[in-house]
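Q: Predicted coordinates and the sequence they were generated for:
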Amino acid sequence: MNTTADAIAAIKTKLGRDLCIMGHHYQNDAVMAHCDISGDSLELARRVPRIDAARIVLCGVYFMGESAALLAREGQTVHLPEPDADCLMSAMIPIRLARRVLEQLALGGRDIVPLAYANTSLAVKALTGEYGGAVCTSANAETMLAWAFQQGKGVIFMPDKNLGHNIANRLGISENERHVLRIDGRGLIEPASQPLDRKLLLWPGACSIHARFRPEFVERARAGYPGCRIAAHPECRQEVIALCDAAGSTSFLIKEAARVAESDSGGTLVIGTEENLVRRLAKRHRGKCSIFPLSHAICPEMSKVTEEKLLAVLEGIVGRGGEPLEIPENFFEPARLSLTRMLEVCGK
């Protein structure tokens, strides 16, 4: 019987080198089985400029597709199996509000560099480029924050306050050198009452998935798995990270699982991040070590991408060329600049 998987495989064979399917690590196993390239946000961005295929299908949330479209070459098109798959964190920083806050800071005399997390909209990335800033991912946030400070100005990190705090801790930026902005729908709340002269200003956003993890989850894991090692994603709260043995990006957590599997045979690793990845790592290293999730955490937006929707977008490409993701012309250059700054800095 012809299954969805068989139909996808047949289209991949038909399109051959004209097609490249990319997938973020948080996708489910059924989708990941069809991906030619998998990675975290940084790895996917790095790989796009080196892809020769005329059609790129990106299995992930919307901002990842936008980044791929910004970095794709002329003549290449980027397609999304589920255009409605968004990032809840990116919705916490609407462009109108982001522009208003940057304008308020400038009017108050702050000469500040914006550093936008990859989990932001195309419009926010364009605003970041316009103001001389750059994009970062969890894998290179430390490098990019250091770069931003080297510009000789203060920095506003948008929108993940948890990642901002954790990277600041790594760089030795004390708590009294940071400030989480107080914002409402009109902009900064009573700017004169806020310490806006601090070195690092943090937008008050957070990943709804990683923010679920609490310190008691770490304590419970240590009690349930005596002698275990615990690693978590830096989008978790800093009080959670402080209790873990290690913290790092998605790519770091994958490498950590491989390291534990090879060096600590029979050991146990507990990982605090999106559960699809944790379960996949547990299968990959079964028999060498035990891997468990810190708690149940499935991203509902990533879950919108299914094998059936992947087949539908591929059938659209074969039948009528598909509906590629379009980048508004007024956003293209400044948004691309914010991304290429990141790639240039991290390529050094």
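A: Happy to help now that I have it. Source: prediction; values computed, not measured. Numbers count the residues shown, from 1 in each chain.

Q: Which parts of stretch 189-197 count as buried, going by neighbours?
A: Burial within stretch 189-197, assessed by neighbour count using 16 or more other Cβ atoms under 10 Å, is assigned to Q194, L196. In short, each C-beta sits where N, CA and C put it, glycine included.

Q: So for it, first residue to last residue, what's the gap.
A: Terminal residues of stretch 189-197 are spaced 15 Å apart (Cα to Cα, to the nearest Å).

Q: All the helices of the stretch 151-300 of the chain, residue numbers only.
A: 161-171, 215-224, 238-241, 250-263, 275-284 (DSSP state H, counting those that start in this stretch).

Q: Which of those helices sits closest to N28?
A: N28 lies closest to helix 275-284 among these, at 5.5 Å (Cβ to Cβ).

Q: And that closest one, what's buried?
A: Residues of helix 275-284 classed as buried: E275, N276, L277, V278, R279, R280, L281, A282 (neighbour count, 16+ other Cβ under 10 Å).

Q: Next up, the contacts around the first one.
A: Each residue near E275 by Cβ atoms under 8 Å, 6 or more residues apart in numbering is listed here: P293, H296, A297, I298.

Q: mind listing which of those are in strands?
A: Among the contacts of E275, DSSP state E puts P293 in strands.

Q: coming back round to it: could the helices of the stretch 151-300 of the chain go into a markdown table alongside mean pLDDT and distance to V313?
A: Written out in a markdown table, the entries for the helices of the stretch 151-300 of the chain read as follows (pLDDT from 0 to 100; distance: least, Cβ to Cβ, whole Å):
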| stretch | mean pLDDT | distance to V313 |
| --- | --- | --- |
| helix 161-171 | 97 | 31 |
| helix 215-224 | 97 | 37 |
| helix 238-241 | 98 | 37 |
| helix 250-263 | 95 | 24 |
| helix 275-284 | 95 | 20 |
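
Q: Out of these, which is closest to I209?
A: Per Cβ to Cβ, nearest to I209 of those: helix 275-284, 9.0 Å.

Q: Dump that closest one to CSV, restricted to CA.
A: C-alpha atoms of helix 275-284 as CSV (Å, rounded to 0.1, in the frame of the first residue of the first chain):
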residue,chain,number,x,y,z
GLU,A,275,10.9,16.5,24.2
ASN,A,276,11.0,15.3,20.6
LEU,A,277,14.8,15.8,20.6
VAL,A,278,15.3,14.2,24.0
ARG,A,279,13.3,11.1,22.9
ARG,A,280,15.3,10.9,19.7
LEU,A,281,18.6,11.1,21.5
ALA,A,282,17.4,8.4,24.0
LYS,A,283,16.8,6.0,21.0
ARG,A,284,20.1,6.9,19.3
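
Q: which ones are touching V101?
A: Each residue near V101 by Cβ under 8 Å, 6+ apart is listed here: I156, L181, I183, G187, L188, W203.

Q: can we see that at 10 Å?
A: V101 sits next to I93, P114, I156, M158, L181, I183, G187, L188, P191, L201, W203 when contact means Cβ atoms under 10 Å, 6 or more residues apart in numbering.

Q: Make a PyMOL selection of the buried ones in those residues.
A: In PyMOL syntax, the buried subset of the contacts of V101 is picked out as below (16+ other Cβ under 10 Å):
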select buried, resi 93+114+156+158+181+183+187+188+201+203
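
Q: Among the contacts of V101, which pair sits farthest apart?
A: Longest distance between any two of the contacts of V101 is 18.0 Å, between I93 and P191; criterion Cβ to Cβ.

Q: Isn't G316 up against T77?
A: No: in this structure G316 lies outside contact range of T77 using Cβ atoms under 10 Å: 11.4 Å.

Q: who's more crowded, these two?
A: T77 (18 against 14; other Cβ atoms under 10 Å).

Q: Pull out the buried positions in whichever helix in the chain runs longest.
A: In the chain, with assignment by DSSP state H, the single longest helix is helix 329-346. By 16+ other Cβ under 10 Å, the buried positions in helix 329-346 come out as 331, 334-343, 345-346.

Q: can you check stretch 153-163 too?
A: By 16+ other Cβ under 10 Å, the buried positions in stretch 153-163 come out as G154, V155, I156, F157, M158, P159, D160, K161, N162, L163.

Q: next helix or strand past the lowest-mean-pLDDT helix or strand in the chain?
A: Here the helix or strand of the chain ranked lowest by mean pLDDT, DSSP states H and E is helix 41-47, holding a mean of 86. Next in sequence after helix 41-47, counting helices and strands by DSSP states H and E, comes strand 55-59.

Q: Can you tell me the closest non-neighbouring residue to L201?
A: Closest residue to L201 apart from its sequence neighbours, by Cβ to Cβ, 6 or more residues apart in numbering: I156 at 4.4 Å.

Q: what's near enough to touch the closest residue to A206 other than its chain neighbours?
A: What sits nearest to A206 in space, not counting adjacent residues and going by Cβ to Cβ, 6+ apart, is N162, at 5.2 Å. Neighbour list for N162: 89, 202, 205-207, 210-211, 213, 233-241 [criterion: Cβ under 10 Å, 6+ apart].

Q: Kindly report the same for R284.
A: Neighbouring residues of R284 by Cβ under 10 Å, 6+ apart: I254, A257, A258, A261, I291.

Q: Now, of these, which are buried?
A: With burial judged by 16+ other Cβ under 10 Å, the buried subset of the contacts of R284 is I254, A257, A261, I291.
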